[in-house]
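> for reference, the sequence and a predicted model appear below.
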Amino acid sequence: MVRFSQFFSRPEGWLLGLILIGGAALRLYHLRLGMQYMGDEGRDLLIAREIIIGKNLPAVGPPTSVGNLYLGPLYFYLITPALWLSGLDPVGPAVFIALLSVATIGLVYGLGKAMFNSFAGLAAAFLFAVSPLAVEFGRWPWNPNIMPFFTTLFAYSLWQVLEKKKEPWIIVTGISLAGILQSHYLGLAALPVLVICLAIKHPKVREITYWLGAMLLFLALMSPLLAFDLQHDFLNARGFWQIVTERTGSGVNVGSILSHSRDRLRQVTGLFTGLGERSVSNNFLLFGGLIAWLGLAKQKKQWWLLAAWLFGGVLFLGLYQGPFHVHYLEFLLSAVAIFLGAVFSLVWGQKPKAWRWLAGAGIAVLGGVFLPQSWRIVNQTKVPNVATTKELVAFMGKESGGEPFNFALLAQNNYDSAYRYFFAVANLPVEFTTQTTSQLFVVCEGEERCQPEGNPKWEIALFDAAYDGKIEKVNEWGFYNYIRVFHFKPRKVSQ
């Protein structure tokens, strides 16, 4: 076993160290203004804050974007320590996600090296470190963004158990599987991957204690969600089955599944590399990679895990035929990096040595494609963001004169939990029930000028109805050429 200090004194260690530093820089630089902070993030932070102050210990996690389903609460408990350490600053959980993404780079290297060789591990780690898609998902706190870490840890532990015969790692497999399933429901793709790998390697159980321990830990981590389902007439199970049956129509169409699986494969490689899912260059890279993969599978016996992960995962995603969002692909990000790293390592190992120049040039070209796109993501200032939302909340608190007020948000792509979090942290007397106060603040997000007067949004309609429509706008302010704040009060009665 090579010691940590000895490893990083070698050229391979230096290269990995530079990759990790570069990956960390892309994920941490300009984070406060560049991270996404909207309703989902505010909702999660409100719950994490309630954990910190002892007000709530959630047994269920965030709702999914697919149907009336809920995830497990693991994500809330993961971000809570970071939020506490940062003094309730939302950037704290974002730093945690960024560091988790950096740790994923290290796992990608370790798994690529274990399955193939050092070159494959370093190439895969570099590609994951600078991939625009991996960088973007590594820069803000959101429950699907923990999936690449747990998926890579899941694959690494499976390799240790099934290839290296290190049974204690099955405990890590159980923990990481629970992490995957609680990050997003399409993490269920891990289950067929697990079944395929067990069928290929058909392991002999030598020490049953480890396997039982893995099952118990998995069940313990999933128990809050299981208890929730039992108490709510299997809400999640029924919802998931309804989605599957509705979206697949009258039956399972093999041709449709294969077509969708092909689209998912093109999509994940095209977005991971930034080449575009329907571009000629992406098709060329994917076709060439698959041809090279046939050679790799013929020469190597270690192809089984990556094949099950990448192609089994793509087939599973092909079963889902509803609206498809980019974050559904997070299960496959590390697999794509290792796939490309393995292909480049195959080219590197060919004779004559001119092939090494081709492999090096290919990685350099991809890096040249990745970096400008990743740099644009890193330098982008999002509005609204943590700083602007906090500023607006402080501004409304000041303009309210310390008196209670009602609040409404008008936005197409946001909801008020982003503001509610800062209202709670600042302990401002804002009223979110049906109780009306003597003033209302309305925030409008968007480039188009909005008209809050007479708006049917319930917070506005409630305030308007409480004063029989006799309200007036007493002030209006603009922020960042994107946000407007309106202040309403009951209309003064003439004497």
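Done, it's in.

> quick one: low-confidence parts of the chain?
1-9, 65-68, 239-252, 295-301, 447-448, 493-495 (pLDDT under 70).

> name the nearest residue to the residue nearest the centre of it, sequence neighbours excluded.
In the chain, the C-alpha nearest the mean C-alpha coordinate belongs to N145, at 1.9 Å (Cα atoms, centre = their mean). Leaving aside its sequence neighbours, N145 sits nearest to F137 (Cβ to Cβ, 6 or more residues apart in numbering; 4.9 Å). Where you see a C-beta, it was placed from the backbone N, CA and C, and this is true even at glycine.

> so who does the one you found touch?
The neighbours of F137, taking Cβ atoms under 8 Å, 6 or more residues apart in numbering as the test, are S101, P144, N145, P148, H327, E330, L333.

> check A424 too.
With contact taken as Cβ under 8 Å, 6+ apart, A424 is in contact with L46, R49.

> next, it: phi, psi?
phi -70, psi -40 (degrees, to the nearest 10).

> do you know how far it is from N56?
Going from A424 to N56 by Cβ to Cβ, to the nearest Å gives 12 Å.

> gap between the residue nearest to N145 and L216?
Taken as Cβ to Cβ, the span from F137 to L216 is 31 Å.

> and D229, how many neighbours does it have?
When neighbours are counted by other Cβ atoms under 10 Å, D229 registers 17.

> tell me the buried residues in the helix or strand it falls within?
Element membership for D229, per DSSP states H and E: helix 208-231. Of the residues in helix 208-231, Y210, W211, A214, L217, F218, L221, M222, P224, L225, F228, D229 count as buried by neighbour count, 16 or more other Cβ atoms under 10 Å.

> and for stretch 81-89?
Buried-residue list, stretch 81-89, by 16+ other Cβ under 10 Å: A82, L83, L88, D89.

> how about residues contacting that stretch?
Contacts with stretch 81-89, where a contact means Cβ under 8 Å, 6+ apart, come from L45, A48, R49, I52, P90, G92, P93, V95, F96, V386, V425.

> repeat that for stretch 393-405.
With Cβ under 8 Å, 6+ apart, stretch 393-405 has contacts from 407, 419, 422-423, 426, 428-431, 437-441, 475, 477, 485, 487.

> I'd like to know how far T434 sits from P11.
Using Cβ to Cβ, T434 is found at 67 Å from P11.

> tell me the domain ranges of the chain?
Here the domain parsing of the chain from automatic domain parsing is 4-379, 386-490.

> and the ones you listed, which is most packed in?
domain 4-379 (a mean of 19; mean count of other Cβ atoms under 10 Å).

> now that domain, how far from the centre of its chain.
Remark: domain 4-379 is offset 9 Å from the chain centroid, using Cα atoms, centre = their mean, to the nearest Å.

> rewinding a little: in helices only, show me the buried residues of stretch 81-89.
A82, L83 (DSSP state H).

> how about a markdown table for the buried residues of stretch 81-89, with distance to W169 added?
Below are the buried residues of stretch 81-89 laid out as a markdown table (distance: Cβ to Cβ, whole Å):
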| residue | distance to W169 |
| --- | --- |
| A82 | 27 |
| L83 | 31 |
| L88 | 37 |
| D89 | 36 |
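
> which of the buried residues of stretch 81-89 sit farthest apart?
Longest distance between any two of these is 10.5 Å, between A82 and L88; criterion Cβ to Cβ.

> what ranges does this protein have for its strands?
Ranges of strands in the chain, per DSSP state E, are 405-410, 430-431, 440-445, 471-479, 483-490.

> what angle do strand 483-490 and the longest one make with each other?
What that stands for is strand 471-479. Counting by axes from the mean of the first three to the mean of the last three Cα atoms, to 10 degrees, strand 471-479 points 160 degrees away from the direction of strand 483-490.

> who are the packing partners of strand 471-479?
Helices and strands touching strand 471-479, as assessed by 3 or more Cβ pairs under 8 Å, 6 or more residues apart in numbering; DSSP states H and E, comprise helix 386-399, strand 483-490.

> ok and that strand relative to strand 440-445, angle-wise?
Angle, strand 471-479 to strand 440-445, by the same axes, to 10 degrees: 40 degrees.

> partner strands of strand 471-479, parallel or antiparallel?
strand 483-490 (antiparallel) (DSSP bridges).

> re the thing from before, could you dump the strands of the chain to CSV with distance to L181?
Formatted as CSV, these follow (distance: least, Cβ to Cβ, whole Å):
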stretch, distance to L181
strand 405-410, 32
strand 430-431, 36
strand 440-445, 34
strand 471-479, 41
strand 483-490, 38
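
> close enough to count as contact, L122 and L18?
No: contact between L122 and L18 fails when scored by Cβ atoms under 8 Å: they sit 10.1 Å apart.

> got any residues that touch both of those two?
Here L122 and L18 have no joint contacts, going by Cβ under 8 Å, 6+ apart.

> so G174 touches A220, yeah?
No: applying Cβ under 8 Å, one finds G174 not in contact with A220, separated by 9.3 Å.

> grab the nearest non-local neighbour of I170.
Here the residue nearest I170, using Cβ to Cβ, 6+ apart, is A214, at 4.5 Å.

> contacting residues for the one you found?
I170, I171, T173, G174, I175.

> hmm, the first one is touching L212, no?
This points to I170. No: in this structure I170 lies outside contact range of L212 using Cβ under 8 Å: 9.6 Å.

> re the thing from before, ok, so of the contacts of stretch 81-89, who is nearest Y156?
F96 (20.4 Å).

> so that closest one makes contact with L78?
Yes: if you go by Cβ under 8 Å, F96 and L78 touch, sitting 7.4 Å apart.

> was I right to think N145 contacts V326?
No: if you go by Cβ under 8 Å, N145 and V326 don't touch, sitting 11.7 Å apart.

> for the nearest residue to P384 once chain neighbours are set aside, which residues count as its bridge partners?
Excluding its sequence neighbours, the residue lying closest to P384 (Cβ to Cβ, 6+ apart) is E445, at 6.4 Å. According to DSSP bridges, the residues that bridge with E445 are I483.

> for E445, what are its contacts?
By Cβ under 8 Å, 6+ apart, the residues touching E445 are P384, L409, L410, A411, Q412, N413, N414, Y482, I483.

> with distance to Y185 added, can I get those in JSON lines?
Shown next, in JSON lines, are those (distance: Cβ to Cβ, whole Å):
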{"residue": "P384", "distance to Y185": "28"}
{"residue": "L409", "distance to Y185": "28"}
{"residue": "L410", "distance to Y185": "31"}
{"residue": "A411", "distance to Y185": "26"}
{"residue": "Q412", "distance to Y185": "25"}
{"residue": "N413", "distance to Y185": "22"}
{"residue": "N414", "distance to Y185": "24"}
{"residue": "Y482", "distance to Y185": "33"}
{"residue": "I483", "distance to Y185": "34"}
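
> quick check, nearest of those to V365?
Using Cβ to Cβ, N413 comes nearest to V365 of these, at 35.1 Å.
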